[in-house]
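*Asks:* Provided below for reference: sequence and predicted model.
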Amino acid sequence: MGQIISSLFSGFGITDVIDIAIVSFLIYKLLGFIRSTRAEQLAKGLVVVVVAAFLSKILNLYIVNWIFTGILNVGIVALVVVFQPELRRGLEYLGRGKFTRQFSLQQEEISENVDAIVSAVEYFAARKEGAIIVIERETALQDIADTGTVVDAKLSTPLLENIFYKGSPLHDGACIVRSDRILAAGCVLPLTQNQNLSRDLGTRHRAGLGISEVSDAVAIIVSEETGIISMASDGRLSRFLDIKSIEKQLFNMYLSDQPADDRFIMKLRNLLRRKDNDTEAD
């Protein structure tokens, strides 16, 4: 028994271990990506077709095998068309990396950004003024910004309030935030193709979710009808959020986006901890 095992692993080297580790990691990421999108149901259907083709071949069911084999051959092309949004999102995900980040914020700038956005969102929610604020991260949103009006101004609460004022010509579109500046306003976002969303959700929520599906941006949405605050990130929509939840999630987002400087991260975490303590005190 020992000789058999030793003979099996006799030609097994470090390159084989690396090879297996890479393939395992890719399969793990692929499964995670499929589960996070509508591709999960389509993938299950594909598995059924593959199993049916395999069993029909073993059982010598020639006509059935010919049908399922034909479906698989045509299905490869069909999958590219059906999975086009997911493939695009996956390729963009692979293209992201911390080394590609062009903007780095200091602790004071991050705090100012969060305070400006949170104050504006609180203002919109209290007055039931619709708004959608998109925060750019690794994936560049210049093509989205080009659909609106260039602002290129320092991020501030009064400016956000003016942009989404109901009488403003830019209030119906999205506002793009890059670093500590408002890049553009009145922008048109891609709508999500998710068919499982509640029918109560309007265009703003579908647009916010849509941009989070094709990029790593974070979108904050305020409903014009109800004043409910929502946040879209990584293709997921969180609703009925309060101001403190928005503030904490924004700090966590900026924390994860910063370079791996231990002292800087520690300062930012201490700032977030103080915010949490102030919340508990309230």
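*Replies:* Looks like it arrived, so ask away. Residues are numbered from 1 along each chain as shown.
*Asks:* C-alpha only now, for contacts and for neighbours.
*Replies:* Will do.
*Asks:* now the residue nearest the centre of the chain, nearest residue through space, not along the chain?
*Replies:* The structure's the chain has its C-alpha centroid closest to residue 234; by C-alpha atoms, centre = their mean the separation is 2.1 Å. Excluding its sequence neighbours, the residue lying closest to residue 234 (C-alpha to C-alpha, 6 or more residues apart in numbering) is residue 212, at 5.3 Å.
*Asks:* thought that neighbour was touching residue 220?
*Replies:* No - here residue 212 does not reach residue 220: they are 10.5 Å apart, not a contact under C-alpha atoms under 8 Å.
*Asks:* name the residues contacting each of those two.
*Replies:* residue 232 (C-alpha atoms under 8 Å, 6 or more residues apart in numbering).
*Asks:* show me the helices in the stretch 151-282 of the chain, by range?
*Replies:* Using DSSP state H, counting those that start in this stretch, the helices of the stretch 151-282 of the chain run over 157-163, 203-214, 243-257, 262-281.
*Asks:* tell me the gap between the third one and the middle of its chain.
*Replies:* Centre-to-centre, helix 243-257 and its host chain are 15 Å apart (C-alpha atoms, centre = their mean, to the nearest Å).
*Asks:* any weak-confidence spans in the stretch 1-150 of the chain?
*Replies:* Scanning the stretch 1-150 of the chain for pLDDT under 70 picks out 1-12, 32-43, 76, 78-79, 82-104.
*Asks:* strands along that one, start to end?
*Replies:* Ranges of strands in the stretch 1-150 of the chain, per DSSP state E, counting those that start in this stretch, are 131-135, 149-154.
*Asks:* and the shortest one, which strands flank it?
*Replies:* Sheet pairing of strand 131-135 (DSSP bridges) gives strand 174-178 (parallel), strand 218-222 (antiparallel).
*Asks:* which stretch among the ones you listed comes nearest residue 77?
*Replies:* Residue 77 sits nearest to strand 218-222 of all the strands paired with strand 131-135, at 32.3 Å, using C-alpha to C-alpha.
*Asks:* now the angle between helix 243-257 and that closest one, please.
*Replies:* In terms of direction (axes from the mean of the first three to the mean of the last three C-alpha atoms, to 10 degrees), strand 218-222 departs from helix 243-257 by 170 degrees.
*Asks:* ok so, going back, compare the strands paired with strand 131-135 and report which one is nearest to residue 145.
*Replies:* Evaluated with C-alpha to C-alpha, those place strand 174-178 nearest to residue 145, the distance being 6.7 Å.
*Asks:* what's the angle from the closest one to helix 203-214?
*Replies:* Angle, strand 174-178 to helix 203-214, by the same axes, to 10 degrees: 40 degrees.
*Asks:* strand 174-178 vs strand 149-154, what angle?
*Replies:* Going by the same axes, to 10 degrees, strand 174-178 makes 40 degrees with strand 149-154.
*Asks:* how far away from the center of its chain is strand 174-178?
*Replies:* Taking C-alpha atoms, centre = their mean, one finds strand 174-178 lying 15 Å from the centre of the chain it belongs to.
*Asks:* hmm, who's touching it?
*Replies:* Outside strand 174-178, the residues that touch it by C-alpha under 8 Å, 6+ apart are 131-137, 141, 145, 155, 182-189.
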